[in-house]
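Novice: predicted model follows, preceded by the sequence.
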Amino acid sequence: MKAYKAWDTKNVEGYSTVVFAENAQKAKKVALGTDACEDADYINVRVQRLPEMDSHYRGKTEIDWYDMEDRKALVSLGWMCLETSEECDACPLKMICGQWEGEDE
């Protein structure tokens, strides 16, 4: 399975996700079932190959943001929480996240 970044071009929040599929066409179909693209029209869903995430395929069609190994891989590629909260201070990845605004340790 190959990893693809998927997003809705009409979504103003800028959400995206990583999905796993055999090809780009199937990745778009998988993306329609994700939170990032749930209300999207098929024509507005875009996917882009993301080979650096291929190794994170573990039988699921979408990456799991709440799995710390997956989150670390995503954050290292520039993903971040779109809304900061008190959870940021407790996140083990805060030092590599561009969104965290806490004190340097």
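Specialist: Received it, and whenever you're ready, just let me know what you need.

Novice: residue 26: how many residues sit nearby?
Specialist: 17 (other C-beta atoms under 10 Å). In short, each C-beta sits where N, CA and C put it, glycine included.

Novice: would you list every one of the helices in the protein?
Specialist: 24-31, 68-76, 87-90 (DSSP state H).

Novice: in TSV, list the ones you listed along with mean pLDDT and distance to residue 49.
Specialist: TSV is the format used below for these (pLDDT from 0 to 100; distance: least, C-beta to C-beta, whole Å):
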stretch	mean pLDDT	distance to residue 49
helix 24-31	97	7
helix 68-76	86	15
helix 87-90	68	30
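
Novice: ranking these by burial, who's on top?
Specialist: Among the helices of the chain, helix 24-31 has the highest mean neighbour count (mean count of other C-beta atoms under 10 Å), at a mean of 19.

Novice: any residues touching that helix, and which ones?
Specialist: Residues from elsewhere that reach helix 24-31, judged by C-beta atoms under 8 Å, 6 or more residues apart in numbering: 2, 4, 6-7, 17, 19-21, 37, 40, 42, 45-47, 49, 61-62.

Novice: next: stretch 58-73.
Specialist: Against stretch 58-73 from outside (C-beta under 8 Å, 6+ apart): 3, 17-21, 30, 33-34, 52-53, 56, 74, 79, 92-93, 96.

Novice: now those: which count as buried?
Specialist: 3, 17-21, 30, 34, 53, 56, 74, 79 (16 or more other C-beta atoms under 10 Å).

Novice: stretch 47-55: end-to-end distance?
Specialist: End-to-end span of stretch 47-55 (C-alpha to C-alpha, to the nearest Å): 18 Å.
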